[in-house]
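Trainee: Got a predicted model here, sequence first, then my questions.
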Amino acid sequence: MDTLSFRLFLRIAELGSVSAAAYDLSLSPASASARLVKLEETVGFRLFNRTTRAVSLTTDGEAFLPYAQQMIETLETGLSAVKGQGAEAEGLLRITMPGSFGRMYIIPALADFHARYPLVSLDLRLSDTVLDVVEGAYDLIIRNAPLVDSSLIVRQLAPDRRLLVASPTYLEQHGMPATPDDLAAHQCVVLAENHRWQFANGQTISVPRSFTVNDGEAMRKMLEQGMGIGLKSVWNASASLKAGLLVEVLPDFPLVTEASIWLLYPSRRIIPQKVHAMIDFLLERFQPVPPWEF
């Protein structure tokens with residue numbers, strides 16, 4: 001299973017043609033086809049669907065692709081390190097992140113990242129589901145959920161401070177609660193199953209679930225429309241708070257917030273330069289003070 005066969009696999013996947021990939025790697029079409037057959041025999045599954053007019057990845061080939069890319073990139077990084085050369089950030093960088101956070105803070109920054117690192121291409125997955133970094137072959141995960149992956153390297157990107165908020169219209173109609181106990185008499189908008197709110201004074205309140213929703217942006221819109229009181233991350237609600245669409249509720253009773261926004265990546269001995277580049281880029285933008293705290 002030599003590196004040239006892996007490079008051939010990657011080029012065929014990129015170009016959609018065995019002959020074009022063979023020409024690109026200075027191989028004859030016959031030699032390239034033989035290498036591809038040998039590689040498929042070695043891995044134990046077909047990598048491509050081949051017809052007389054087209055070549056496309058099989059399901060197994062598509063799943064195997066990021067691992068092959070990772071292997072080649074790690075090899076090149078190691079060779080550069082041994083030769084004393086600074087490895088340039090390049091190649092495909094696979095990232096998964098929460099949908100709302102990604103749309104609000106990561107996607108708007110990617111043009112600047114591309115301008116700085118034009119040889120890095122991006123494969124992005126925006127999902128509020130906690131995805132597995134190994135099974136998904138991700139290079140980097142941005143997560144604001146409890147951490148359970150003991151095999152990953154973890155860096156804090158930013159704190160995830162949370163507040164109780166409501167619209168001025170709702171508070172005019174229903175009044176401002178004076179203590180956490182008063183929440184029992186109010187309408188509350190709850191994100192998924194997060195219906196127990198813990199306060200720094202030791203109280204834990206099981207709030208009335210007047211409305212439940214599984215999407216953070218939808219929840220914010222419901223709160224802005226005066227549908228109740230809800231718990232929001234400052235990063236998600238900061239623009240609405242600054243615009244007066246939402247106001248903080250019970251500011252004298254801070255919540256216990258154990259969450260943070262994390263960067264997670266596989267604990268390989270050699271981390272590709274493309275991963276280092278994205279981590280450093282994000283840390284520049286979110287530390288020491290994240291943009292929503294200004």
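Mentor: Ah, there it is.
Trainee: For the rest of this, base every contact and every neighbour count on C-alpha atoms.
Mentor: Will do.
Trainee: give the contact list for the residue most central in space within the chain.
Mentor: Closest residue to the average C-alpha location of the chain: Met97 at 1.8 Å, with C-alpha atoms, centre = their mean. The contact partners of Met97, taken as C-alpha atoms under 8 Å, 6 or more residues apart in numbering, are 124-128, 141-143.
Trainee: gap between the two ends of stretch 279-292?
Mentor: Terminal residues of stretch 279-292 are spaced 19 Å apart (C-alpha to C-alpha, to the nearest Å).
Trainee: outside of it, which residues touch it?
Mentor: By C-alpha under 8 Å, 6+ apart, stretch 279-292 touches 113, 157-158, 234-235, 238-239, 263.
Trainee: Dump the residues you listed into CSV; add distance to Val120, pLDDT and neighbour count as well.
Mentor: Formatted as CSV, these follow (distance: C-alpha to C-alpha, whole Å; pLDDT from 0 to 100; neighbours: other C-alpha atoms under 10 Å):
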residue, distance to Val120, pLDDT, neighbour count
Phe113, 9, 96, 15
Leu157, 21, 93, 23
Ala158, 24, 93, 21
Val234, 31, 95, 19
Trp235, 27, 95, 20
Ser238, 31, 95, 18
Ala239, 31, 94, 13
Leu263, 19, 92, 21
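Trainee: Kindly list the main-chain dihedrals of His195?
Mentor: phi -110, psi 10 (degrees, to the nearest 10).
Trainee: How much space separates it from Ala237?
Mentor: Applying C-alpha to C-alpha, the value for His195 to Ala237 is 18 Å.
Trainee: Arg196 now?
Mentor: Taken as C-alpha to C-alpha, the span from Arg196 to Ala237 is 20 Å.
Trainee: what helix or strand does Ser100 sit in?
Mentor: helix 99-101 (DSSP states H and E).
Trainee: and that helix, what other elements does it pack with?
Mentor: Using 3 or more C-alpha pairs under 8 Å, 6 or more residues apart in numbering; DSSP states H and E, the elements in contact with helix 99-101 are helix 234-242.
Trainee: going on from the helix it packs on, what's the next piece of helix or strand?
Mentor: Assignment by DSSP H and E places the next element after helix 234-242 at strand 247-249.
Trainee: Show me what the next helix or strand after that following strand is in contact with.
Mentor: The helix or strand immediately downstream of strand 247-249 is strand 260-266, counting by DSSP H and E. If you take C-alpha under 8 Å, 6+ apart as the criterion, strand 260-266 is touched by 133-134, 138-145, 151-161, 279.
Trainee: Inside strands: which ones of those residues?
Mentor: In this view, the contacts of strand 260-266 that belong to strands under DSSP state E are 140-143, 152-159.
Trainee: Reformat the residues you listed into JSON lines and put distance to Asp252 next to each item.
Mentor: Shown next, in JSON lines, are the ones in strands among the contacts of strand 260-266 (distance: C-alpha to C-alpha, whole Å):
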{"residue": "Leu140", "distance to Asp252": "38"}
{"residue": "Ile141", "distance to Asp252": "35"}
{"residue": "Ile142", "distance to Asp252": "31"}
{"residue": "Arg143", "distance to Asp252": "29"}
{"residue": "Leu152", "distance to Asp252": "37"}
{"residue": "Ile153", "distance to Asp252": "36"}
{"residue": "Val154", "distance to Asp252": "32"}
{"residue": "Arg155", "distance to Asp252": "31"}
{"residue": "Gln156", "distance to Asp252": "27"}
{"residue": "Leu157", "distance to Asp252": "27"}
{"residue": "Ala158", "distance to Asp252": "23"}
{"residue": "Pro159", "distance to Asp252": "20"}
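Trainee: Sort these by pLDDT and name the bottom one.
Mentor: Within the set of the ones in strands among the contacts of strand 260-266, pLDDT is lowest for Leu152 (75).
Trainee: burial of that residue, as a residue count?
Mentor: For Leu152, the count of nearby residues is 17 (other C-alpha atoms under 10 Å).
Trainee: again with the one 3 residues further on
Mentor: The local packing of Arg155 (other C-alpha under 10 Å) involves 15 other residues.
Trainee: If we ignore the residues flanking it in sequence, what's nearest it?
Mentor: The shortest distance from Arg155 to any non-neighbouring residue, by C-alpha to C-alpha, 6 or more residues apart in numbering, is to Leu263 (5.0 Å).
Trainee: do the same with Ile271
Mentor: Ile271 sits nearest to Thr74 (C-alpha to C-alpha, 6+ apart), 7.3 Å away.
Trainee: got it, and Leu92?
Mentor: Using C-alpha to C-alpha, 6+ apart, the closest residue to Leu92 is Ser121 (4.8 Å).
Trainee: Out of the contacts of Met97, flag the one nearest to Gly228.
Mentor: Asp128 (23.3 Å; C-alpha to C-alpha).
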